[in-house]
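*Asks:* need a 3D model of the sequence below.
(chains A and B)
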Number of protein chains: 2
Amino acid sequence: MGSSDANADTAARALLSADLRGVDSHGIARLSGYVRLWKAERVNANPSIKIVHETPSTAVVDGDKGLGLVVGPAAMQVAIDKAINVGTGWVSVKNSNHFGIAGFHAMMALQHDMIGIAMTNASATVAPTFSKERLLGTNPIAVTIPAGNEQPFVADFATTTAANGKLEVLQRKNMDAPHGWVQTKDGIPSTDVNELKKGGAMLPLGGDKEHGSHKGYMLGSIVDIFSAILSGANYGPWVPPFPAYLPMPENMPGEGIGHFFGAMRIDAFRPAAEFKQHMDAWIQRFKMAATAEGHERVIVPGEPEREIEKERMEHGIALLPSVTDELQQLATSFNITGPQPF
Amino acid sequence: MGSSDANADTAARALLSADLRGVDSHGIARLSGYVRLWKAERVNANPSIKIVHETPSTAVVDGDKGLGLVVGPAAMQVAIDKAINVGTGWVSVKNSNHFGIAGFHAMMALQHDMIGIAMTNASATVAPTFSKERLLGTNPIAVTIPAGNEQPFVADFATTTAANGKLEVLQRKNMDAPHGWVQTKDGIPSTDVNELKKGGAMLPLGGDKEHGSHKGYMLGSIVDIFSAILSGANYGPWVPPFPAYLPMPENMPGEGIGHFFGAMRIDAFRPAAEFKQHMDAWIQRFKMAATAEGHERVIVPGEPEREIEKERMEHGIALLPSVTDELQQLATSFNITGPQPF
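*Replies:* Residues are numbered from 1 along each chain as shown, chains lettered A, B, ... in the order given. Model prediction:
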């Protein structure tokens, strides 16, 4: 696509991180979709990523239509640099595209003994509580926190009951969705995993009002506002869709999609060694929690992905035939004739 | 209790704010509980609230065992002052007590054209996903965002399926709890509203794994770590209980309970007028969202509490007889012989 080596490398690392951690929906399987966005001239392969406004602890970054896989790490680095200087850094990003897994960006903070935060808005697939309209994306939040001898705390979650990838798994298996995941186009609760194709919507974390869906709706809204209204990106129903074949929304109020990043130096609050010692104690206490009947252990956020990563580093990443076929076709269309591992 | 006039005034405003906004469980009904904590020497009526560590954008505040109603506004003011200087301010607090409603503190930012954030940990009543142990509090998060012609966005929610106050309402009515709110002491899902008294636990937002309770568990954990491990307060199962008659946990790792506050100047990102214009557009779009069958309107976070506030400013706040009785007794025990409105 004409990306610089450095940008191609950054994007590849972001995709690989998703595949290694078991988030297959956000890994190399997305590559053909990114290429289609580039062909539709919605992605700029050589973005000139710029800070357009800043204070000692904040910045707005213009992604220049770059891939979020490349814009995200650049913006997160700005947050980290500001945290080095004044304790914390907070960066809102406009004019970007899909950025892969939120956790990849947030985890950049860990090597600096910082807490990392990453979030992004996304095209509208989620109905607010009491609505039948899709007004929010799955709008994920990632928070990573360093520990000492223990592995870091890594939370990375969509603000919906279930991420879209989980719906797709059920679609492939021809299974029903649990209650509280989706609703029909009229806003009636449903268990049909194909509801989105029929004009239905995903539901905010909680599922319905009685189970706190207004809280998931608030979380998704906060992600949308921090990512897009602070920066000047599109928000709500105006966020551009990921599939290149879908038309862009009319009367878009901003530029591209938006992200929000934060970095907090732990020693901006207390000595890092002290913090880590207590973080280790926290993690150890939760790991040894007594389990409810029928469960083997209590999980600390980040553990399952780390276990998959370890397994895949050893045995490799199994790709679906549909994905390897697409990669093969991409290689052909780009005249890539080097070693082909598939 | 010997508080200064200024501190008594601040605490009264915090309690009144809860009662006005319809959060009766966090208003004047708590006063007798605060007095009992003071009698048990767990609350210092004249705290010397101090910054013990800081950078240009961060601080740790020692609440000196003060009421959170007083410590919270002081710490939030530190966050606001730092935001004035460097764009954002982030303050973690140790050695504090119950701080009332999180929204009261976060809303302080609005008058400065800032986004406000407030959270607190609380004594453990919530079991992590897959556990039967109570390891987290209801750990609420409040986020307030200024708008222009529209009223501000005010989110304020416990990171559990339902706040404790909602369980108490059902207890008074002798009704069952919905599925996903509580579990038994063995970790089995239950609808018994009295489960907590029998060693059971409340459940994180989501209710069970299939409905995303691991996300509520992650949110509650983040609040605990930001509030207590950054500051040096107690965390997890070691957070002191609110009722003064309950024993303190053994081997406490920190001081008091912890809070976390944030303030972000909106013009640290883009001109305030631009931000507000888009925030108005966001709010208007969500207000006019098409409703699901059976629902009259889609709510923007903050609207219900504002409507109750308007009504109560006009017609007054109806207190339960049990609350007025307690206040009467307090007045007698403190030899308050002035005008008695009850």
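
*Asks:* contacting residues for A:Ala18?
*Replies:* A:24-27, A:100-101, A:104 (Cβ atoms under 8 Å, 6 or more residues apart in numbering or on different chains). Backbone N, C-alpha and C define where each C-beta goes, glycine included.

*Asks:* mind putting those residues in JSON lines, distance to chain B, pLDDT and neighbour count included?
*Replies:* Formatted as JSON lines, the contacts of A:Ala18 follow (distance: Cβ to the nearest Cβ, whole Å; pLDDT from 0 to 100; neighbours: other Cβ atoms under 10 Å in any protein chain shown):
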{"residue": "A:Asp24", "distance to chain B": "19", "pLDDT": "91", "neighbour count": "20"}
{"residue": "A:Ser25", "distance to chain B": "17", "pLDDT": "90", "neighbour count": "17"}
{"residue": "A:His26", "distance to chain B": "17", "pLDDT": "93", "neighbour count": "24"}
{"residue": "A:Gly27", "distance to chain B": "21", "pLDDT": "95", "neighbour count": "22"}
{"residue": "A:Gly100", "distance to chain B": "19", "pLDDT": "96", "neighbour count": "25"}
{"residue": "A:Ile101", "distance to chain B": "15", "pLDDT": "97", "neighbour count": "26"}
{"residue": "A:Phe104", "distance to chain B": "17", "pLDDT": "98", "neighbour count": "26"}
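
*Asks:* now tabulate the residues you listed in CSV and tack on secondary structure.
*Replies:* What follows is these, written out as CSV (DSSP: H, G, I helix; E, B strand; the rest coil):
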residue, secondary structure
A:Asp24, helix
A:Ser25, helix
A:His26, helix
A:Gly27, coil
A:Gly100, coil
A:Ile101, coil
A:Phe104, helix
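
*Asks:* would you agree A:Ala40 is in contact with A:Leu246?
*Replies:* No - with contacts counted by Cβ atoms under 8 Å, A:Ala40 stays clear of A:Leu246, the gap being 10.0 Å.

*Asks:* contact partners of the worst-scoring helix or strand of chain A on mean pLDDT?
*Replies:* Every helix and strand of chain A was ranked by mean pLDDT, DSSP states H and E. The lowest is helix A:164-173, at a mean of 87. Contact partners of helix A:164-173, identified using Cβ under 8 Å, 6+ apart, comprise A:23-26, A:125, A:138, A:158, A:176-177, A:181-182, A:193-194, A:196, A:202.

*Asks:* show me what counts as buried in that helix.
*Replies:* The neighbour-count check on helix A:164-173 (16 or more other Cβ atoms under 10 Å in any protein chain shown) flags A:164, A:166-167, A:170 as buried.

*Asks:* tell me where chain A has helices.
*Replies:* Assigned by DSSP state H, the helices in chain A fall at A:5-20, A:31-39, A:68-86, A:102-107, A:164-173, A:213-224, A:272-287, A:303-315, A:321-333.

*Asks:* tell me the pLDDT of the closest residue to chain B within the stretch 201-342 of chain A.
*Replies:* Nearest to chain B in the stretch 201-342 of chain A, going by Cβ to the nearest Cβ, is A:Ala292, at a distance of 2.3 Å. A:Ala292 is assigned 96 on the pLDDT scale.

*Asks:* residues in contact with A:Ile84?
*Replies:* A:Ile84 is in contact with A:112, A:265, counting by Cβ under 8 Å, 6+ apart.

*Asks:* can you rerun that using 7 Å?
*Replies:* With Cβ atoms under 7 Å, 6 or more residues apart in numbering or on different chains as the criterion, no residue contacts A:Ile84.

*Asks:* from B:Ile84, how far off is it?
*Replies:* As defined by Cβ to Cβ, to the nearest Å, A:Ile84 lies at a distance of 22 Å from B:Ile84.

*Asks:* show me what contacts the residue of the stretch 201-342 of chain A closest to chain B?
*Replies:* B:130-132, B:183, B:186-187.

*Asks:* returning to what we had before: closest to chain B among the buried residues of helix A:164-173?
*Replies:* A:Lys166 (9.9 Å).

*Asks:* now that closest one: how far from A:Met175?
*Replies:* Taken as Cβ to Cβ, the span from A:Lys166 to A:Met175 is 11 Å.

*Asks:* now A:Ile115
*Replies:* 38 Å.

*Asks:* more crowded one of those two?
*Replies:* Under the criterion of other Cβ atoms under 10 Å in any protein chain shown, the comparison of A:Ile115 against A:Met175 puts A:Ile115 first, with 28 against 11.

*Asks:* which residue packs closest to the more buried one, ignoring adjacent ones?
*Replies:* Distance criterion Cβ to Cβ, 6 or more residues apart in numbering or on different chains; nearest residue to A:Ile115, sequence neighbours excluded, is A:Met264 at 4.4 Å.

*Asks:* just the pLDDT at that neighbour, thanks.
*Replies:* Listed pLDDT for A:Met264 reads 99.

*Asks:* again, but for A:Gln340
*Replies:* A:Gln340 is given a pLDDT of 60.

*Asks:* got it, and A:Ala83?
*Replies:* 98.

*Asks:* list the contacts for A:Asp224?
*Replies:* Contacts of A:Asp224 (Cβ under 7 Å, 6+ apart): A:121, A:136, A:139, A:235-236.

*Asks:* relative to chain B, which residue of the stretch 51-200 of chain A is the closest?
*Replies:* Closest point on the stretch 51-200 of chain A to chain B, by Cβ to the nearest Cβ, is A:Gly187, at 2.3 Å.

*Asks:* let me see the mean pLDDT of stretch A:66-74.
*Replies:* In this model, stretch A:66-74 has an average pLDDT of 98.

*Asks:* near chain B, which residues of the stretch 1-150 of chain A are found?
*Replies:* The stretch 1-150 of chain A comes close to chain B at residues A:53, A:55-58, A:60, A:86-88, A:90, A:92, A:128, A:130-133, A:135, A:143, A:145, as judged by Cβ under 7 Å from any Cβ of the partner chain.

*Asks:* so of the residues you listed, which ones are in strands?
*Replies:* Judged by DSSP state E, strands contain the following of the residues of the stretch 1-150 of chain A next to chain B: A:53, A:55, A:58, A:60, A:88, A:90, A:92, A:143, A:145.

*Asks:* so the third one makes contact with B:Gly87?
*Replies:* Yes - under the criterion of Cβ atoms under 7 Å, A:Thr58 lies in contact with B:Gly87, with a separation of 4.0 Å.

*Asks:* so for those two, which residues contact both of them?
*Replies:* Counting by Cβ under 7 Å, 6+ apart, the common neighbours of A:Thr58 and B:Gly87 are B:Ala268.

*Asks:* quick one, phi psi at the residue of the stretch 51-200 of chain A closest to chain B?
*Replies:* When read as degrees, to the nearest 10, the backbone of A:Gly187 gives phi 90, psi 20.

*Asks:* for the stretch 151-300 of chain A, which segments count as strands?
*Replies:* Using DSSP state E, counting those that start in this stretch, the strands of the stretch 151-300 of chain A run over residues A:153-157, A:182-183, A:189-190, A:201-202, A:257-265.

*Asks:* buried deepest among the ones you listed, which one?
*Replies:* strand A:257-265 (a mean of 29; mean count of other Cβ atoms under 10 Å in any protein chain shown).

*Asks:* what comes into contact with that one?
*Replies:* A:68, A:72, A:75-76, A:79-80, A:83, A:87-94, A:96-97, A:99, A:105, A:109, A:113-122, A:226-228, A:230-231, A:233-234, A:239-240, B:90.

*Asks:* parallel or antiparallel, list what pairs with that strand.
*Replies:* strand A:88-96 (antiparallel), strand A:114-120 (antiparallel) (DSSP bridges).

*Asks:* distance from the chain centre to the shortest one, please.
*Replies:* Spelled out, that is strand A:114-120. On the basis of Cα atoms, centre = their mean, to the nearest Å, strand A:114-120 sits 10 Å off its chain's mean C-alpha point.

*Asks:* how about residues contacting it?
*Replies:* By Cβ under 7 Å, 6+ apart, strand A:114-120 touches A:68, A:76, A:80, A:83, A:99, A:102, A:105-110, A:139-145, A:223, A:226-227, A:257, A:259-266.
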